[in-house]
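Chemist: sequence and computational prediction follow.
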Amino acid sequence: MQKIEMTENAAVVSDKQMSLVNMKQVVGAMDILFICLDALRYDIAVQEEAAGRIPVLNRYGSWVKCQAPGNFTYPSHHAMFAGFLPCAYHTKKQADRDLLFYPTAIGLRRKAPENAYAFSGSTMMEGLAKDGYYTWCVGGVSFFDKRSDIGKVFPGYFQKSWWNPSFGCMVKESTQNQVDFILKKLEDVSKEQKIFLYVNVAAIHYPNYFYLDKETHDSQKSHAAALRYADGQLGRLFDGWKAKRGNAFVICCSDHGTCYGEDGCQFHGINHPMVDTVPYKHFFID
């Protein structure tokens, strides 16, 4: 395995440290996990971080405040899968974005940023597949359910994709079911075969009221409770991945936030600070 050059505290990234990782050394050397905590709000993420209630994610540094790529799942994922992950909140122009993945065909810059993985193709998964990765998608929300034409778009970007109702928003144990499925699938793949895994975690997306006893409506409190639930299940995923596969590079972020009545706004698909601001972090597990 290639040696990965990192800072003294490699897990921690700040608003001005989004590109410390040299993706040219990551790609080909280890698995890559992309965990999307669908609809997670930045303010709730940092609240739970500060209170110590998400111990798994807290192991890997603080959340970075970022601009969302889109205001609901569909536009946001088109951007992220093309390499345009959430960018640091104070980014003022396109050229200042810190890119882990660089789409060579878009004409964004004359050459790829020094530490970015430059890929050809319409998505970073297509590029990684060309470089030998097995690309997997484990869906959550309905844009990944393959039960409609629009629900087949994102799964179609991957070599293998899976969804069943037990992974969806309406199921309280959805993240547990996803993790159980992933860990079982790992038994069929040799360690030499590198994997790019995308997981759409639906637990935090509405409805989430059932993560609090006797609640009947979604709220900031139930949103936070859903994050705490997902955190515990991610601990199982990371521990299982390390045991079965070893080291991996992890991208963990939200695709957009959501509203619970702020300024009269409900949920997402609209532009509002609670929708347009998301948490982000990347880190290594080993």
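Modeler: Thanks, I have the structure now. Numbering: from 1, shown residues only.
Chemist: before we move on, what SS does Thr135 have?
Modeler: Here Thr135 is recorded as strand under DSSP: H, G, I helix; E, B strand; the rest coil.
Chemist: what residues sit buried inside stretch 169-182?
Modeler: Using 16 or more other CB atoms under 10 Å as the test for burial, stretch 169-182 gives 169, 171, 174-182. The C-beta positions use only the backbone N, C-alpha and C, and glycine is treated the same way.
Chemist: now these in TSV, with secondary structure and distance to Glu49?
Modeler: Shown next, in TSV, are these (DSSP: H, G, I helix; E, B strand; the rest coil; distance: CB to CB, whole Å):
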residue	secondary structure	distance to Glu49
Cys169	coil	24
Val171	coil	26
Ser174	helix	22
Thr175	helix	18
Gln176	helix	22
Asn177	helix	25
Gln178	helix	22
Val179	helix	21
Asp180	helix	26
Phe181	helix	28
Ile182	helix	24
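Chemist: the stretch 151-286 of the chain: strands as residue ranges?
Modeler: Here the stretch 151-286 of the chain has its strands, by DSSP state E, counting those that start in this stretch, at 160-162, 195-201, 248-253, 259-260, 266-267, 277-285.
Chemist: which of these is buried the deepest?
Modeler: Of all the strands of the stretch 151-286 of the chain, strand 195-201 has the most neighbours on average by mean count of other CB atoms under 10 Å, namely a mean of 25.
Chemist: list the strands paired with that one, with their directions.
Modeler: If you go by DSSP bridges, strand 195-201 pairs up with strand 31-37 (parallel), strand 134-138 (parallel).
Chemist: that older thread, any idea which of the buried residues of stretch 169-182 is closest to Tyr209?
Modeler: Cys169 (11.6 Å; CB to CB).
Chemist: and the strands paired with strand 195-201 as CSV, adding distance to Pro75 and mean neighbour count?
Modeler: Below are those laid out as CSV (distance: least, CB to CB, whole Å; neighbours: other CB atoms under 10 Å):
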stretch, distance to Pro75, mean neighbour count
strand 31-37, 14, 23
strand 134-138, 18, 21
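Chemist: closest one to Lys221 among those?
Modeler: Among these, strand 31-37 comes nearest to Lys221, with 17.0 Å by CB to CB.
Chemist: chain center to the closest one: distance?
Modeler: 5 Å (CA atoms, centre = their mean, to the nearest Å).
Chemist: follow-up on the earlier one: now render the strands paired with strand 195-201 as a markdown table, adding distance to Pro279.
Modeler: Shown next, in a markdown table, are the strands paired with strand 195-201 (distance: least, CB to CB, whole Å):
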| stretch | distance to Pro279 |
| --- | --- |
| strand 31-37 | 8 |
| strand 134-138 | 21 |
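Chemist: can you put those in CSV and add mean pLDDT and distance to Gln159?
Modeler: CSV is the format used below for the strands paired with strand 195-201 (pLDDT from 0 to 100; distance: least, CB to CB, whole Å):
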stretch, mean pLDDT, distance to Gln159
strand 31-37, 98, 14
strand 134-138, 98, 5
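Chemist: out of those strands, which gets nearest to Lys242?
Modeler: Closest among those, using CB to CB: strand 31-37, at 10.4 Å.
Chemist: from Ala116, how far off is Phe210?
Modeler: Distance of Phe210 to Ala116, given as CB to CB, to the nearest Å: 41 Å.
Chemist: more neighbours: which of those two?
Modeler: Neighbours per residue, other CB atoms under 10 Å: of Phe210 and Ala116, the larger number sits with Ala116, 21 against 15.
Chemist: where does that one fall, phi/psi-wise?
Modeler: When read as degrees, to the nearest 10, the backbone of Ala116 gives phi -90, psi 150.
Chemist: which residue, neighbours along the chain excluded, lies closest to Glu215?
Modeler: Among residues not flanking Glu215 along the chain, Tyr209 sits closest, at 4.3 Å (CB to CB, 6 or more residues apart in numbering).
Chemist: in contact with that neighbour, which residues?
Modeler: When contacts are counted by CB atoms under 8 Å, 6 or more residues apart in numbering, Tyr209 touches 215-219, 222.
Chemist: now the buried members of the residues you listed.
Modeler: Among the contacts of Tyr209, those scoring as buried are 218, 222 (criterion: 16+ other CB under 10 Å).
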